[in-house]
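>>> my questions concern the predicted model and sequence given below.
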Amino acid sequence: MIAFEAEFAGPPRALLHIWTDSGDTSDFLSPPDGWAFAVSRFDECGNEQPWADHWEERFENIIRYPEIYVPGAELEWRRAGASAVVNLQVLVNSAGQAEG
């Protein structure tokens, strides 16, 4: 599994997730299980509520969804469970070059 997450301070505060359940990551951009995106937001009491989810075959398509839910936000994406910031567009570019 490969997973990325970002938090948007809001308003409304939101958590964004992008992941693939595929164990085969030889084709990062288009793994056999595709890519999923989910976003949840928090209500005024601080309770997390599901907001939306999407699935796409290709990574470069799934990374378009954050802009729909938090337009113009400067998100800091991280691999789930890690602290280093990851640039998703750089991942697309570098994986695309490796395929070419």
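Noted; the coordinates are in hand.
>>> let me see the contact set for Glu57.
Glu57 makes contact with Ser30, Gly34, Trp35, according to Cβ atoms under 8 Å, 6 or more residues apart in numbering. Heads up, the C-betas are built off the backbone N, CA and C, glycines and all.
>>> cutoff 7 Å now
Neighbour list for Glu57: Ser30, Gly34 [criterion: Cβ atoms under 7 Å, 6 or more residues apart in numbering].
>>> report pLDDT for it.
We have a pLDDT of 95 for Glu57.
>>> quick check: it vs Cys45, distance?
37 Å (Cβ to Cβ, to the nearest Å).
>>> let me know the pLDDT of the residue lying farthest from the centre of the chain.
Largest separation from the mean C-alpha position in the chain: Cys45, at 25.4 Å (Cα atoms, centre = their mean). Looking at Cys45, its pLDDT stands at 93.
>>> which residues of this protein fall in helices?
In order along the chain, the chain carries the following helices (DSSP state H): 59-62, 65-69, 88-99.
>>> which one of those lies nearest to Ser40?
Checking these against Ser40 by Cβ to Cβ gives helix 65-69 as the closest, at 10.0 Å.
>>> with mean neighbour count and distance to Leu15 as added columns, please give the helices of the chain in TSV.
TSV is the format used below for the helices of the chain (neighbours: other Cβ atoms under 10 Å; distance: least, Cβ to Cβ, whole Å):
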stretch	mean neighbour count	distance to Leu15
helix 59-62	20	16
helix 65-69	16	11
helix 88-99	13	16
